[in-house]
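Engineer: Take a look and give me a structure for this.
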Amino acid sequence: MNKAYHIYDQIKKFSETTTENRYHVITLPGLLHKLGSSEDGYPKFFVITSENDFMQNLNAELLSVEYNMLCNIIEADEIFDNQNFTIITLRSENEQLQKMFVDVFYMMLESLPQKPTNISIASKIESLLSIFAKMKHRPIHKLQGLWAELLLIEQSNDPVITARAWHSMPNSKYDFNSGGDKIEVKSTQSEKRLHHFSLDQLNPSQSSKLLVCSVIVRESAKGDNGLSVFDLYNRINSKINDSEVRMHLSEVITDTLGSDFYAAQNKYFDYIEASDRLAFYDYMDIPKIQKDHIPEHVSEVRFSSDLTHLKDVREKEYDKGNSDLFNSFF
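Structural biologist: Here you go, the predicted model:
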């Protein structure tokens, strides 16, 4: 479990003892700032700033920011009155959103000086609001596709390398790209590994190496085998200490899910079957249309290829070279 989630679990009980005039808080590890909870169970950051410069308070749909507030707090049974903080509150009862808020804003605070200015806090709040704004957009991909990509990161021997190679834009040509080495993830709910490709996806540059990862994704009930997108996200986060990489994961997930963010919490897929049947194929082996066979002025060519009969690259002599990306899987 990463430290932000551990702290979140600690403050969940604070709402029972918090009052309007006094908050129970804990200090964030490595920082001067505090984290607590409102009476309604909303997570609240109490940030110590370097100056009390005037700033306009913010009252957005999900987020409120109150600058230079005098507060009474309790920490480890010790009372502190009239402490000055800038307070950031997420006004949502959604547990997954609360966890993401605590994790992401904690990472933002770690990137600032020990006592940041209110102006620098306001800049981080703008970044946070832009992440929340993505949750109102139309979803970019189907949920099962995102789940399959996260499964690949979770299954990696080095999730930091894999997550860094994960696309920054959900509609990128390849799902994982580390320069010359690329992986495209395809998912299906059928027995046949029948996947859809664009012409360009199976015609990379001559200097590139491309693997296609095929994932069998079955809907499942919640349980030991049934995991959601956020279950996989939490598993990956527990293995990664790099704040920049974790921030990248959060941004891609919210960008991809868009307005499906809340619904995604109740959609589960069979983790065991998907893991056991994960397969990697050399793009050279996949039936495809060659570019020189396409008539002039014809574009946006797409086709389906059946990979069921192909041999997994792990079962034959495949030259991975010194690829960090490929070596993180096999």
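Engineer: Quick check: mean pLDDT of stretch 126-139?
Structural biologist: Across stretch 126-139, the average pLDDT comes to 91.
Engineer: Mind listing what's buried along it?
Structural biologist: Neighbour-count burial for stretch 126-139, counted by 16 or more other C-beta atoms under 10 Å, picks out Leu128, Ile131, Phe132, Lys134, Met135, Pro139. Yep, even glycine has a C-beta here, placed from its N, CA and C like the rest.
Engineer: what sits up against that stretch?
Structural biologist: With contact meaning C-beta atoms under 8 Å, 6 or more residues apart in numbering, stretch 126-139 is reached by 60-63, 101, 104-105, 108, 250-251, 254-261.
Engineer: helices or strands up against whichever helix or strand Asp103 is part of?
Structural biologist: Assessed by DSSP states H and E, Asp103 sits inside helix 95-110. Applying 3 or more C-beta pairs under 8 Å, 6 or more residues apart in numbering; DSSP states H and E, one finds that helix 95-110 makes contact with helix 3-11, strand 43-47, strand 78-90, helix 118-133, helix 229-237, helix 243-257.
Engineer: Arg277 against Ile216, yeah?
Structural biologist: Yes. Using C-beta atoms under 8 Å, Arg277 makes contact with Ile216 at a distance of 4.6 Å.
Engineer: These two - which one has more neighbours?
Structural biologist: Ile216 (21 against 14; other C-beta atoms under 10 Å).
Engineer: Now do the phi/psi pair for that one.
Structural biologist: Backbone geometry at Ile216, expressed as degrees, to the nearest 10, gives phi -90, psi 110.
Engineer: give me every residue that touches it.
Structural biologist: Ile216 is in contact with Ser187, Thr188, Gln189, Glu191, Arg193, Glu273, Ala274, Arg277, counting by C-beta under 8 Å, 6+ apart.
Engineer: at 7 Å instead, please
Structural biologist: The contact partners of Ile216, taken as C-beta atoms under 7 Å, 6 or more residues apart in numbering, are Thr188, Glu273, Ala274, Arg277.
Engineer: A helix includes the third one, no?
Structural biologist: What it means is Ala274. Yes. Assigned with DSSP: H, G, I helix; E, B strand; the rest coil, Ala274 falls within a helix.
Engineer: which of the contacts of Ile216 are buried?
Structural biologist: By neighbour count, with 16+ other C-beta under 10 Å, these hold Thr188, Ala274 as buried.
Engineer: List just the nearest of the contacts of Ile216 to Pro287.
Structural biologist: Ranked by distance to Pro287 (C-beta to C-beta), those are led by Thr188 at 15.8 Å.
Engineer: ok, that closest one to Arg302 distance?
Structural biologist: 16 Å (C-beta to C-beta, to the nearest Å).
Engineer: Out of the buried residues of stretch 126-139, flag the one nearest to Asp324.
Structural biologist: In terms of C-beta to C-beta, no member of the buried residues of stretch 126-139 lies closer to Asp324 than Ile131, at 28.2 Å.
Engineer: Strands along the stretch 201-330 of the chain, start to end?
Structural biologist: Taking DSSP state E, counting those that start in this stretch as the test, the strands found in the stretch 201-330 of the chain are 209-216, 219-220, 226-227, 268-270, 279-282, 302-306.
Engineer: what's the distance between the last one and the middle of its chain?
Structural biologist: If I follow you right, that is strand 302-306. Here strand 302-306 is found 29 Å from its chain centre; the criterion is C-alpha atoms, centre = their mean, to the nearest Å.
Engineer: buried stuff in that strand?
Structural biologist: Ser305.
Engineer: Just the CA atoms of that strand, as PDB, please.
Structural biologist: Output in PDB follows, covering the C-alpha atoms of strand 302-306 (Å, rounded to 0.1, in the frame of the first residue of the first chain):
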ATOM      1  CA  ARG A 302      -9.000  -0.900 -40.800                       C
ATOM      2  CA  PHE A 303      -9.300  -4.700 -40.700                       C
ATOM      3  CA  SER A 304      -9.600  -7.600 -38.300                       C
ATOM      4  CA  SER A 305      -7.000 -10.400 -37.900                       C
ATOM      5  CA  ASP A 306      -7.400 -13.700 -36.100                       C
END
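Engineer: quick revisit: can you say which of the contacts of stretch 126-139 are buried?
Structural biologist: Counted by 16+ other C-beta under 10 Å, these give 62-63, 101, 104-105, 108, 250-251, 254-258, 260-261 as buried.
Engineer: now for these, which pair is the farthest apart?
Structural biologist: Greatest spacing in the buried ones among the contacts of stretch 126-139, by C-beta to C-beta: Met108 and Asp260 (24.7 Å).
Engineer: how about Ala221, what does it touch?
Structural biologist: Counting by C-beta under 7 Å, 6+ apart, Ala221 touches Tyr268.
Engineer: orientation of the helix holding Asp103 relative to helix 118-133 in degrees?
Structural biologist: Using axes from the mean of the first three to the mean of the last three C-alpha atoms, to 10 degrees, the interaxial angle of helix 95-110 with respect to helix 118-133 works out to 150 degrees.
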